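Undergrad: could you look at this predicted model? Sequence included:
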Amino acid sequence: MSKTEPFTATLRDGTNVTIRPVVPEDAPRLQALYNHLSPESIYYRFLSQAKELTRAQAERLANVDYDARMAFVATCEMDSDTPIIGVARYAEGLEPCVAEAGVVVQDRYQRLGLGTILLSELTEYARSQGIHTFVAWIHQSNTAILQFIRRSGLPTQSRLESGTWEIRVTLD
């Protein structure tokens, strides 16, 4: 199991959320989250318009090693059966000490600080695992996430290619 304990955080609208490491039993809840995302949120997060997150995909995303692959989920209550409303994850493999990272938040909880909370937890955890850089590919029209990354205060490098930004965020 993970090396971090669940904790409660409060969103800007007063909603209390629980942040915890993903567990294999979350696979159906990840599928449910996907089904509650707008087409725009799906496209901006995955750069595709897949109609569903298959069971196999959800199981792969819910099974992490808590080292080279990690994810944190957000729920509105401590109950493990509560729907997931946000996820932040990373996966190493691009190059040493570099991990691809992504955050997605259910549309009704966007702009309430949940993405910031999730990214902060993911960043802190990644540092403890020896990861020095996150990389993400972001559609050029996704101005909200580009501003979100700028507001993080972490140093970034970016490169635009074929309408997609490659953003490298230094965690040190």
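TA: Great, that's in hand. Numbers count the residues shown, from 1 in each chain.

Undergrad: how about the strand ranked longest in the chain: buried residues?
TA: Longest strand in the chain by number of residues (criterion: DSSP state E): strand 84-95. By 16 or more other C-beta atoms under 10 Å, the buried positions in strand 84-95 come out as I84, I85, G86, V87, A88, R89, Y90, A91, E92. Heads up, the C-betas are built off the backbone N, CA and C, glycines and all.

Undergrad: and which of the residues you listed is nearest to P155?
TA: P155 lies nearest to Y90 out of those, by C-beta to C-beta, at 17.3 Å.

Undergrad: ok, that closest one touching T133?
TA: No: using C-beta atoms under 8 Å, Y90 makes no contact with T133, being 10.3 Å away.

Undergrad: residues contacting E121?
TA: Contact partners of E121, counting by C-beta atoms under 8 Å, 6 or more residues apart in numbering, are T4, I19, F72, A88.

Undergrad: let's have those in TSV, adding distance to I149 and secondary structure.
TA: Output for those, formatted as TSV (distance: C-beta to C-beta, whole Å; DSSP: H, G, I helix; E, B strand; the rest coil):
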residue	distance to I149	secondary structure
T4	23	coil
I19	20	strand
F72	18	strand
A88	13	strand
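
Undergrad: most neighbours out of those, which is it?
TA: A88 (28 neighbours; other C-beta atoms under 10 Å).

Undergrad: what touches both of Y90 and T133?
TA: A99.

Undergrad: rewinding a little: list the neighbouring strands of the longest strand of the chain plus their orientation.
TA: strand 69-75 (antiparallel), strand 98-105 (antiparallel) (DSSP bridges).

Undergrad: what's that strand in contact with?
TA: Taking C-beta under 8 Å, 6+ apart as the rule, strand 84-95 contacts 17, 22, 26, 29-30, 32-33, 61, 64, 68-76, 98-106, 109, 114-115, 118-119, 121-122, 126, 131, 134-135.
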